[in-house]
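Q: Dropping the sequence and predicted coords here.
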Amino acid sequence: MFRSGIVKHSFTIRGGDVLNLHRLFLLHELRRLETMSAVARAHSMSPSAVSQQLSHLERETKVTLFQQVGRRVVLTDAGVRLARRAEEMLGLLEAAEAELADAQGEAGGLLRVASFQTPMIALAPAAVSVLAQRHPALHLELGQQEVDEAYEGLLARRYDVILGEDYPGGQQVVRRGTDREALLTDPLLLVLPDVGPWSGARRFADLAEAPWALDPPQSRTGIWSRTHLRSVGVEPQVRFTTPDPLLQVHLVRSGHAVAFVPGIIASEHLGGTRVLRLLGDPHRSLYTAARAGAAQHPSLLAFRSALLEAAESLSALEDLETLGT
């Protein structure tokens, strides 16, 4: 839907030469990603193909846009200025397409979505059902991606909208040229086995020797979980490292580990475990992000509305015991 037909657009400059928007887009990407090889990887091109397209752009403009510095290609001042203008043009093009779609009066086409796992489990099915009923001409293409990779795909125009998360104490992710909208705040919970040596824990000190199932240490969830445990005096004995919350819950249910889980999967997926709130009631924040130029596209608005409706339908977590320190 938002692919914008980038390769089809061009602009005539003085002397009758034509600036191809696809080449301008690649120049913008070179400014963003800094190397030809990074641009090539992001867009499934060879470095030589990227170089050829940018050299063609340089001939079109009759201005030196980049130069070789050591083994790297660096944009000149003129190249930086043109790359900035290219970014503006791409945003204006998407804004114009959003206005035209709004004038047509119906959300439709293909919307490419990237999300990390828990919203795919808890929110996506309900949102897809809402959209199928209310906007049958709108088709979703959903892919599972962690937040950083999803953002890269959004900026590279492989996705139209992504779902992201921020954790307590972590750096809030806001990328230039994107439109971010809050979705929900999600409690972070502890799950223990129903039976066994860890089932009766009342405070973190009781879990000093417990085996943990945690997300990878460099992930947002992994950083938060280890930081939280160390803040309450527990150095976790990590026996299982996986980003899959349902696998973590299975390891807890089978008595092999204890783990943290997000609240949005608690109502349907934590049977056979003991679920506790944490002291201070920490929450993560979930949000959607799209490119700023497309923020008012009716298909994006419809998707965000369906997600909010799905979030509001989640079962409330009531009468959970709080684990002490």
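A: All right, it came through fine.
Q: going forward, measure contacts and count neighbours with C-alpha atoms only.
A: Fine.
Q: how far away is residue 191 from residue 253?
A: Distance of residue 191 to residue 253, given as Cα to Cα, to the nearest Å: 9 Å.
Q: Oops, could you answer that again for residue 64 instead?
A: For residue 64, the distance to residue 253 - Cα to Cα - is 63 Å.
Q: what residues are up against residue 122?
A: For residue 122, the contact set (Cα atoms under 8 Å, 6 or more residues apart in numbering) comprises 264-265.
Q: quick one: the helices in the stretch 151-300 of the chain?
A: For the stretch 151-300 of the chain, helices defined by DSSP state H, counting those that start in this stretch occupy the ranges 220-231, 245-253, 266-269, 298-312.
Q: Those helices: lowest mean pLDDT?
A: Mean pLDDT per stretch puts helix 266-269 lowest among the helices of the stretch 151-300 of the chain, at a mean of 82.
Q: buried stuff in it?
A: Buried residues in helix 266-269, counted by 16 or more other Cα atoms under 10 Å: residue 266.
Q: do the same with stretch 169-177
A: Result for stretch 169-177 [16+ other Cα under 10 Å]: no buried residues.
Q: So what would you say the end-to-end distance of that stretch is?
A: 24 Å.
Q: hmm, back to that, tell me which of residue 64 and residue 253 has more neighbours.
A: residue 253 (21 against 15; other Cα atoms under 10 Å).
Q: Wait, that one touches residue 199, no?
A: No - look at residue 253 against residue 199 with Cα atoms under 8 Å: they stay out of range, at 10.3 Å.
Q: Can you check which of the helices of the stretch 151-300 of the chain gets nearest to residue 120?
A: helix 298-312 (10.8 Å; Cα to Cα).
Q: Figure out which of the helices of the stretch 151-300 of the chain is closest to residue 95.
A: Residue 95 lies closest to helix 298-312 among the helices of the stretch 151-300 of the chain, at 11.3 Å (Cα to Cα).
Q: Would you mind writing the CA trace of that closest one as CSV?
A: Below are the C-alpha coordinates for helix 298-312, written out as CSV (Å, rounded to 0.1, in the frame of the first residue of the first chain):
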residue,chain,number,x,y,z
PRO,A,298,-6.9,5.7,6.3
SER,A,299,-5.5,2.2,6.2
LEU,A,300,-3.0,3.1,9.0
LEU,A,301,-5.7,4.8,11.0
ALA,A,302,-8.0,1.7,10.6
PHE,A,303,-5.2,-0.6,11.8
ARG,A,304,-4.3,1.5,14.8
SER,A,305,-8.0,1.8,15.7
ALA,A,306,-8.4,-2.0,15.5
LEU,A,307,-5.3,-2.6,17.7
LEU,A,308,-6.7,-0.2,20.3
GLU,A,309,-10.0,-2.1,20.3
ALA,A,310,-8.2,-5.4,20.7
ALA,A,311,-6.1,-4.0,23.6
GLU,A,312,-9.3,-2.7,25.4
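Q: buried sites along it?
A: 298-300, 302-311.
Q: Stretch 107-126 - what's its average pLDDT?
A: On average, stretch 107-126 scores 95.
Q: any chance of the helices of the stretch 151-300 of the chain in CSV, with distance to residue 95 too?
A: CSV is the format used below for the helices of the stretch 151-300 of the chain (distance: least, Cα to Cα, whole Å):
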stretch, distance to residue 95
helix 220-231, 32
helix 245-253, 38
helix 266-269, 39
helix 298-312, 11
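Q: hmm, back to that, kindly reformat the buried residues of helix 298-312 as TSV containing distance to residue 220.
A: Below are the buried residues of helix 298-312 laid out as TSV (distance: Cα to Cα, whole Å):
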residue	distance to residue 220
298	31
299	29
300	26
302	28
303	25
304	23
305	26
306	26
307	22
308	23
309	26
310	24
311	21
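Q: Can you check which residues contact both of residue 253 and residue 199?
A: 192-193.
Q: which residues touch residue 236?
A: 208-212, 226, 229-230.
Q: Residue 217 too?
A: Neighbours of residue 217 in contact, by Cα under 8 Å, 6+ apart: 223, 226.
Q: those strands in this structure, which residues are they?
A: 10-12, 18-20, 66-69, 72-75, 109-115, 138-144, 161-166, 178-193, 211-214, 237-241, 259-262, 273-278, 283-291, 321-323 (DSSP state E).
Q: buried sites along the fourth one?
A: Taking 16+ other Cα under 10 Å as the neighbour-count basis, strand 72-75 is seen to contain the buried residues 74-75.
Q: Give me the sheet partners of it and which way each runs.
A: strand 66-69 (antiparallel) (DSSP bridges).
Q: Check the offset of the partner strand from the chain's centre.
A: Chain-centre distance of strand 66-69: 33 Å, with Cα atoms, centre = their mean, to the nearest Å.
Q: pLDDT (mean, whole number) over it?
A: Taken as a whole, strand 66-69 carries a mean pLDDT of 89.
Q: Between residue 191 and residue 253, which contacts overlap?
A: residue 273.
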